Each structure stands twice: as structure tokens, then as C-alpha cells.
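> Sequence and predicted structure below; questions after.
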Amino acid sequence: MPKTTGTIDTKYRFYTETIEVSRLSAQAFFEAGDELYRGKRYFWQNKEKTLTLVGLGHAHIIANNLEDNRYEDIDMKWKELCQSSLKEKADVSPILFGGFSFDPKNKVSSEWDTFPSAFFVVSKFQLVIQHDQAFVNIHYITDEVKSMEPFEQLRIERDALIHTAQVKELKVHAKPTLIKREDRLKDEYLHAVEDVTKRIREDEIQKVVIARSLKLTFNDTFSPATAIYNASMEQPESYLFGLENDEKIFFGATPERLVKVENNKAQSAGLAGSIRRGKNSLEDKELGDSLLTDTKNLGEHKYVVEMIKKVFMQYCEDIKVPTRPKLMKIRDIQHLYSPIEGDLKKESSLFELVQALHPTPALGGEPRQDAIKIIRESEQMNRGYYAAPIGWINAEGDGEFAVGIRSALVENEHAYLYAGGGIVAESSSLEEFEETRVKFRPMLRTLGGNMND
Ligand SMILES: C=C(O[C@H]1C=CC=C(C(=O)O)[C@@H]1O)C(=O)O
Ligand SMILES: [Mg+2]
């Protein structure tokens, strides 16, 4: 008999049960939840492909619309749920998965209106694939004094979902046809880049990341499972994430880690500065070499590394920061990359690091608060969860957050894509526009739309 854990005398009672399952495809499990749990699922795979998570259904939601203290609020409620409810350690730790908006003070009405400033879920059914082993958890959280009866029903459902995922072939739906593509606020974007460049040259600010968006319209709706599957094919070297919110799914394949905490080790990375891939290996190497010595891109990168280093000095000990960046080559683009690590101080936590790091100057700018204000005013759009932390934390406080770039929000037959770039004194609006075109490519291919690109 699998072990069931729980308590009876707190506000919530949190029951978990873990079973090990053989041979279970994460994508198939996600797809198996299509009928009953569409709109209430998540998907996560780390960059190294050593951890895959799928959540189906909501056992519990922890969300808020706070402008300040949104991290502390989630952290506190999660700890409360774990500490007061789990009597014993579950076989596989329950996971809280979700994300934050880029800027909770941005009130522009948009496709993101239904997403709270912080949105996290504990799934009813949680799949964890790690070290070649697959585990499915049931989570049942109640604030009433109830019998364990519903648990029996959940076991039946769990077994049905696993069965479906194992025996039904993964349906790979054809990509719908792109029928319309709009570059949203293109003139505003170009103007914003020019204006910000000027303000940087006048020493008003040092760096600001300016982004823009595409709206795509297709002849049909999307299967979220297929969209995630396609993204994994397009960007095998990136994190893969998907977070459903009723009719909408925010998903993407991002190369950028915000922060990971495991056994008190904290890891982050500066990822900023870009150049396209070459048409052959020779050109690719030339482009990469030129990126490594290009002052404009090294400038973009330096602000990020310095800021992360400063945060790590506050929250960690024994910090390691490389003296110069190396290249991260992904399918469409090469970036300057500096991994940073340290030992988390006893009193520090993952959410504290997320709060202190978001947004790094790879997504926001330097100084941070001034940059966020300029972004809010000059982009004239709402980034929603684009360029913001997305990830997970477990009951022990370990977890990982990536930065939600190379991403799209999909709603029925529409997709909204986002891409930006770091503006410094040497920036030019047309080159930055070009850089965003390259950054749109993976999501455009994933969605089957590359009209005029
Ligand atoms: C803001 C984005 O990329 C960031 C990450 C890597 C390189 C960047 C750059 O070179 O500008 C950006 O800072 C994006 O992809 O939308
Ligand atoms: Mg750039």
C-alpha cells in the first residue's frame, strides 16, 4: 500500500500520496489531462533535461494581486501549507508551480488581464520524472473536516490518467495555418529604442530593455500539448514551460535561468548580449568571436553580471563569478553567458532570491526601478508574464525559476509573442529591431507561422 500522509488539526489538511510509475511520457500525461483538466495544467522541463514536471488539475491555488510583498505572500502561504499540513515527509515532495508578472504596477489592459500578479498552483496530480524514474503524486487539500472518501476517487482518476498516457499514442496535431500577423506598436517600439538610447547617452540611465510584441491569428485553435511538444523540438537546449490559465496558456522555451536552489547551493546566470548564428561553422565561429569582444554587447552583459553578483553577495557565501563571459549557442542565436553560484546563507530562501533578482538588467535595466518606470511608459504595452520569473519550489524550499522569454501567450486562435533587447549607449533602433526578429523565430516556428520572416 502506498503511504498517505496528512494532519487533522490545522486550517488545511494536505494529503499526499506517491506512486512510482514505469514508462510515462510527460507530454502524453499532459495530453491525457486534456478532457478534464484543460486550463488547469502546467509543464516544466529544465535545460539539462534531468527534471520534468507535469501538473493536472488544481488541488490548491496560491495567488495574489499585490504590487508589493507578492513574493513574501506566496512564500508564507506555501510554507504555511507545507508546515502545518504535512506531518511526515511525502515520498516525493509536493511542488508549487507558477509565475509572477513582469511589473505588477503596469495597469494597461491586455491579453494578460486574467493573470494575477502572482499565480501558483499545487496540482491534483503531479508527475515528476527524475533520474529515469517517474512518480505520480495525488494532492488533496481541504479546510473542512472531511473523510478520506474523495481520496479513493482521486486514486481511480489517477490510474485512468496514467493508463491513457501509457496506451494512447500522443496525438501530434497539425499546426494551424497562420492567416494574419501584426507587428504591434512597431513605431512606438522604434521610437522607444531611440528615445532610451538618447537618454542613456545623456547619462539619465545606464541600460533599459525594450520589448515588442507580435499578434498572430490562425485559422484554427491550438492544442496546448502539441504546442509544448513542438517547442521542445525547436529548442532542445532550453527550459520548456507551460502554464495554463483557463482559456490561455503561457508557454515558451527559454535559455535563461533566473535562479536555482538545491541543497543550499544557489545558481544564477547572466545571459545578455546577442548575435545570430552563422550560415556555416566558419561564419558561426567568426560571429561568436566578434560577440565575445564587442563593446556594445559586453556592456549589455556587464550590467547583468554585476547586479547578480551584488545580490549573491547579500544572500550567499563563497560566490563564484567568471571573469569573462562565454558563448551560449542555441538554434537561432548566440548569447554571452556567465554562470554565477554561491552557497545560500542559512536565513536566505529561494523566493528572496527571486525577489532580489527580478528583473535583472537582462530584462529590466540599470538602475532597476528607473528602468521599470521607463519600460512602463515607453513600451505602452503590458508584458504580462513575459520576461518574468516562472518555475517551481518544493516543500523543502528547493526549486528553480527561469525567465519567461522566447515565449508566447496563446488564446484560442490567437498567439501573442514577445521579444526584447538590452539598449545601451551604442544601440541602434534598426539593429535592435533585427535582434528581436531573431528572438521571435523559435516561437514563430513552434506555432507554424513565419509569414514575412
Ligand atoms: C529580452 C530578451 O532577451 C534577453 C536575454 C538574452 C539576450 C538579450 C539581449 O542581447 O538583448 C536580452 O537581454 C528576449 O529574448 O526577449
Ligand atoms: Mg541585445
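Structure received. Ligands and ions are numbered 1, 2, ... in the order given.

> and the stretch 251-400 of the chain, which residues reach ligand 2?
Counting by C-beta under 5 Å from the ion, the residues of the stretch 251-400 of the chain lying close to ligand 2 are Ser274. Using the backbone N, CA and C atoms, a C-beta is placed for each residue, glycine as well.

> and if we set it to 8 Å?
Residues of the stretch 251-400 of the chain lying close to ligand 2 (C-beta under 8 Å from the ion) are Ala272, Gly273, Ser274, Asn297, Glu300.

> Okay, and which of those residues map to helices?
Judged by DSSP state H, those include Asn297, Glu300 as members of helices.

> CA atoms only for the helix or strand where Gly242 lies - export them in PDB, please.
Assessed by DSSP states H and E, Gly242 sits inside strand 239-245. Only the C-alpha atoms of strand 239-245 are listed here, as PDB (Å, rounded to 0.1, in the frame of the first residue of the first chain):
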ATOM      1  CA  TYR A 239      13.900  25.200 -20.500                       C
ATOM      2  CA  LEU A 240      10.400  24.300 -21.500                       C
ATOM      3  CA  PHE A 241       7.500  25.700 -19.700                       C
ATOM      4  CA  GLY A 242       3.700  25.900 -20.000                       C
ATOM      5  CA  LEU A 243       1.200  27.400 -17.500                       C
ATOM      6  CA  GLU A 244      -2.500  27.300 -18.300                       C
ATOM      7  CA  ASN A 245      -4.900  29.800 -17.000                       C
END
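
> next helix or strand past it?
strand 248-254.

> And that following strand, what does it pack against?
On a contact count with 3 or more C-beta pairs under 8 Å, 6 or more residues apart in numbering; DSSP states H and E, strand 248-254 meets helix 224-234, strand 239-245, strand 407-411, helix 429-447.

> is any part of it close to ligand 1?
No: remark: strand 248-254 sits outside contact range of ligand 1, by C-beta under 6 Å from any ligand atom, the gap being at least 8.0 Å.

> Excluding sequence neighbours, find me the nearest residue to the residue nearest the centre of the chain.
Centroid-nearest residue in the chain, with C-alpha atoms, centre = their mean: Ile390, separated by 3.3 Å. Using C-beta to C-beta, 6 or more residues apart in numbering and skipping residues adjacent in sequence, the residue nearest Ile390 is Gly99, 3.7 Å away.

> do the same with Asp246
Asp246's closest residue in space is Gly39 (C-beta to C-beta, 6+ apart), at 4.4 Å.

> roughly how far apart are that neighbour and Asn245?
7 Å (C-beta to C-beta, to the nearest Å).

> So these two - more neighbours on which side?
Set Gly39 next to Asn245 and count neighbours by other C-beta atoms under 10 Å: Asn245 wins out with 22 against 14.

> Tell me what the more buried one is bridged to.
Judged by DSSP bridges, the bridge partners of Asn245 are Lys248.

> Same check on Gly55?
Residues in a beta bridge with Gly55, per DSSP bridges, are Tyr42, Gln126.

> Ile390: what secondary structure?
strand (DSSP: H, G, I helix; E, B strand; the rest coil).

> and it, what does it touch?
Gly98, Gly99, Phe100, Phe241, Leu243, Phe250, Phe401, Ala402, Val403, Gly404 (C-beta atoms under 8 Å, 6 or more residues apart in numbering).
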